[in-house]
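Asker: Test case, fold it:
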Amino acid sequence: MILIVDMNYRKDSVGYYEFVLPIASSIKDLEEYTIRHYSELSRTDIDRYSRIILSGNALEDKQVLTQIEDFAWVGTCEKPVLGICAGMQAIGLIFGSPLKRCLEIGMTVIKVVKRNPLFFSSFKAYELHSYSIQPSEELDVLAESEKCPQAVKHKKKEIYGVLFHPEVRNREIIRRFMDL
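Answerer: As a prediction, the model looks like this:
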């Protein structure tokens, strides 16, 4: 079973409909899933699932980034994790990657710079973010735009982050994550 983590500032916000439900729609025919708000998670909850997807959130919603201790479990997680937008930012912060300003809104060309199982060549993706990360020693950059890193992977674990929103235009990326 998959856990989709709602990364919006509060449970049942408008962002739930914009960023969480499209992820659920992408995987509904592949595997059962549960959606939980990040503020409701415990380590026991995390242990019940085979894969975890951290959703994105609204452009000016930065609450998650001020409560990064709520995601300390990512650092010790041995299950596949996919962080989307704010999810990638949280993964970066957990693994020592500082945030850097990078405003991108709309369609952007994403260039693959390292072979990986999620995408294989350059493509266009939908962007909606104010920050990217400066990758740490623990994260490899998999793809980038002209402005900043767009996808990362932990060097030893199946923990991925994408800054763009695959639930909008590139749903096959989420499906490939499900195949890991």
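
Asker: Which stretches in this structure count as helices?
Answerer: For the chain, the helices defined by DSSP state H occupy 14-15, 21-27, 43-47, 63-66, 86-94, 171-178.

Asker: okay, the ones you listed, which one's buried deepest?
Answerer: helix 86-94 (a mean of 26; mean count of other CB atoms under 10 Å). For glycine as for every other residue, the C-beta is placed from the backbone atoms N, C-alpha and C.

Asker: For it, C-alpha coordinates in CSV please.
Answerer: Provided in CSV are the C-alpha atoms of helix 86-94 (Å, rounded to 0.1, in the frame of the first residue of the first chain):
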residue,chain,number,x,y,z
ALA,A,86,7.9,20.8,-1.4
GLY,A,87,8.6,17.1,-1.0
MET,A,88,11.9,17.4,-2.8
GLN,A,89,12.7,20.5,-0.8
ALA,A,90,12.0,18.6,2.5
ILE,A,91,14.2,15.7,1.3
GLY,A,92,17.0,18.1,0.5
LEU,A,93,16.8,19.8,3.9
ILE,A,94,16.8,16.4,5.7
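
Asker: and it, average pLDDT?
Answerer: Here helix 86-94 scores 96 as its mean pLDDT.
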